[in-house]
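sequence-free structure coming up:
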């Protein structure tokens, strides 16, 4: 029994006798990024289950199944069981956001996909993303922030555009972009999404990276949404 991690076209394996570490100086060397922990994540076998543990001190990771039905925010010291067959992990270190895939041999559980539910609110002209209704402009904002990841065909890394770059991509002013970013983050925070605010009245400095991780992990946006951009 084993777990395979796919990153930048390469495969790395964790076995019952050999856990797999992930970080700047680990079994899987993600990148020579000074913002990244030497050892950030670990995959190991315990109590007849595979586990993904955050062994770092400051960084968090977003973990989701491949169908967007499950999402977890893995804080330092936390761990989750890898009980399904496939996951994707996203995390941000400094200016770069990374992602990699996890494939589990003989998972403990099987994913059951519910009946598809329409996501268009034709009366309001809005798109429903999970429990949050997004206006067309808000959907565009999320798509442009996720663009580099949606255009990549394999797990690796990507850059989230600055507010000025994203605004220029959409033909907006920076003021308009930031106002709509505030609205999107507030909507998601009100819906219970963590990491988009740093406290009462204070937006988290990494809110864009957290928004991108959430949007990708819950499949709020997909490659098909790139057609919305010029």
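Yep, it's here. Only a predicted model underlies this, so the values are computations on that prediction, with no experimental measurement involved.

which strands and helices sit next to the helix or strand hosting residue 63?
In the assignment (DSSP states H and E), residue 63 maps to strand 61-65. Here strand 61-65 touches strand 71-74, strand 86-93, helix 207-217, going by 3 or more C-beta pairs under 8 Å, 6 or more residues apart in numbering; DSSP states H and E. C-betas here are computed from N, CA, C, even on glycine.

out of these, deepest packed?
Greatest average neighbour count among these goes to helix 207-217 (a mean of 24), per mean count of other C-beta atoms under 10 Å.

What residues of the longest helix belonging to the chain count as buried?
When the chain is parsed with DSSP state H, its longest helix is helix 174-190. Neighbour counts over helix 174-190 (16 or more other C-beta atoms under 10 Å) mark 177, 178, 180, 181, 184, 185, 187, 188, 189 as buried.

Include pLDDT and distance to residue 67 when you put those into JSON lines, please.
Output for those, formatted as JSON lines (pLDDT from 0 to 100; distance: C-beta to C-beta, whole Å):
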{"residue": "177", "pLDDT": "95", "distance to residue 67": "31"}
{"residue": "178", "pLDDT": "92", "distance to residue 67": "33"}
{"residue": "180", "pLDDT": "94", "distance to residue 67": "29"}
{"residue": "181", "pLDDT": "93", "distance to residue 67": "27"}
{"residue": "184", "pLDDT": "92", "distance to residue 67": "23"}
{"residue": "185", "pLDDT": "91", "distance to residue 67": "25"}
{"residue": "187", "pLDDT": "90", "distance to residue 67": "23"}
{"residue": "188", "pLDDT": "89", "distance to residue 67": "20"}
{"residue": "189", "pLDDT": "87", "distance to residue 67": "25"}
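
ok, back up a step: what about the strand holding residue 63, average pLDDT?
For strand 61-65, the mean per-residue pLDDT is 92.

can you list contacts of that strand?
For strand 61-65, contacts defined as C-beta atoms under 8 Å, 6 or more residues apart in numbering pick out 40-41, 52, 54, 70-74, 80, 84, 86-91, 111, 210, 213-214, 216-218.

Check stretch 7-20 too.
1-6, 27-28, 30, 42-45, 50, 100-101, 154-157.

10 Å instead?
Residues from elsewhere that reach stretch 7-20 (C-beta atoms under 10 Å, 6 or more residues apart in numbering): 1-6, 21-22, 26-31, 41-46, 50-53, 82, 89, 98-105, 153-157.

Those, buried ones only, as a ChimeraX selection?
What follows is the ChimeraX syntax for the buried subset of the contacts of stretch 7-20, where burial is set by 16+ other C-beta under 10 Å:
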select :2,3,4,5,6,21,22,26,27,28,30,31,41,42,43,44,45,50,51,52,53,82,89,98,99,100,101,102,103,104,155,156,157
